[in-house]
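J.: Test case, fold it:
(2 chains)
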Amino acid sequence: GQQLNQSPQSMFIQEGEDVSMNCTSSSIFNTWLWYKQDPGEGPVLLIALYKAGELTSNGRLTAQFGITRKDSFLNISASIPSDVGIYFCAGQLGGTASKLTFGTGTRLQVTL
Amino acid sequence: DAGITQSPRYKITETGRQVTLMCHQTWSHSYMFWYRQDLGHGLRLIYYSAAADITDKGEVPDGYVVSRSKTENFPLTLESATRSQTSVYFCASVAMDRDRKVRGNTIYFGEGSWLTVV
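T.: So this is what the prediction gives:
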C-alpha cells in the first residue's frame, strides 16, 4: 500500500518555540489533512488542504499542500503546553474516506 | 450529543479467545470504519462499511470480521485473538456530502479501545 513518511518522529521543544513537521508520499494525493491526537483520545482534524500550493491557517497552525502533491507541511507558531500530542498527516485519493492513508505521526512534547 | 462511542475502552484477553469491540454512532452517518493504531504504523484501515449490510476490506483485514445490521452499529470481532492483534482500535464515521463523496475532513473518530492479547 501507499506509504506516508512523517518527520520528525518526535520532538521536544520549549514553550514559545515554533514547530515544523512534514509528510512525504511515494504517490500523489488530492487532499492533505492534518490531525491531532491527545493522549487517550481519537484523532481530531486540524486543517484540510485541497489544492496543490494551498496554504491554510487555523490559529497558530499553518499547513501547506506541496506543489508536487506528494508532500505537506505543518507549522505551529509560539507553542504552548496544550500543543502536546501526536500529529498525523493523512492523504486522500478521490472523494472516499476509505482511501485515506495516515502518516506514522509526530509526537510533540513541550517543556516550560 | 453522544457522537460516536466505543466499548469496551480497555480489554485484556487470552490468545485464541473471541473478542468483539462495539461501535455506536448517533448521527446516522452512512460510512463507518475500523482502524488499528500501532507504534510506527500510524492508523491502518481494517474494514469499512458504506451502509447497513455493506462492508468491505481495508488494508489489514486478516483475522477480523465485521457486520453492519443497523446503520448506527459497526461491531468488530476478532474470531481467535493473537498477540499481534494487541493494539488500539479506533472506530470512525462520516456522512456522505452533497456531492455524494465521503471526505476525510468530515471523519469523526471514537475515543479508542485498548486491546491487549496475552
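
J.: for the chain, which spans come out with low pLDDT?
T.: No chain specified, so I'll use chain A. Within chain A, the segments meeting pLDDT under 70 span A:1-2, A:95, A:97-98.

J.: The intended chain is chain B.
T.: Using pLDDT under 70, chain B drops low at B:1-2, B:98-100.

J.: Around chain A, pick out the residues from it.
T.: Residues of chain B lying close to chain A by CB under 8 Å from any CB of the partner chain are B:31, B:33, B:35, B:40-45, B:48, B:56, B:58-59, B:90, B:92, B:94, B:99, B:101-105, B:107, B:109-112. Yep, even glycine has a C-beta here, placed from its N, CA and C like the rest.

J.: Can you flag which of these belong to strands?
T.: B:31, B:33, B:35, B:42-45, B:48, B:56, B:90, B:92, B:94, B:109 (DSSP state E).

J.: still on that earlier bit, in ChimeraX, how would I select the buried members of the residues of chain B next to chain A?
T.: The ChimeraX selection below is limited to those of the residues of chain B next to chain A classed as buried (16 or more other CB atoms under 10 Å in any protein chain shown):
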select /B:31,33,35,42,43,44,45,48,58,59,90,92,94,102,103,104,105,107,109,110,112
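
J.: Quick one: residues contacting residue 25.
T.: Just so you know, I chose chain A. A:2-5, A:70-71, A:91, A:101 (CB atoms under 8 Å, 6 or more residues apart in numbering or on different chains).

J.: could you do chain B instead?
T.: B:Q25 neighbours (CB under 8 Å, 6+ apart): B:3-5, B:32, B:72, B:74, B:91, B:93, B:108.

J.: Go again with 7 Å.
T.: B:3-4, B:32, B:72, B:93 (CB atoms under 7 Å, 6 or more residues apart in numbering or on different chains).

J.: next one: A:M11
T.: A:M11 neighbours (CB under 7 Å, 6+ apart): A:19, A:106, A:108.

J.: swap the cut-off to 8 Å and go again
T.: A:M11 touches A:19, A:21, A:106-109, counting by CB under 8 Å, 6+ apart.
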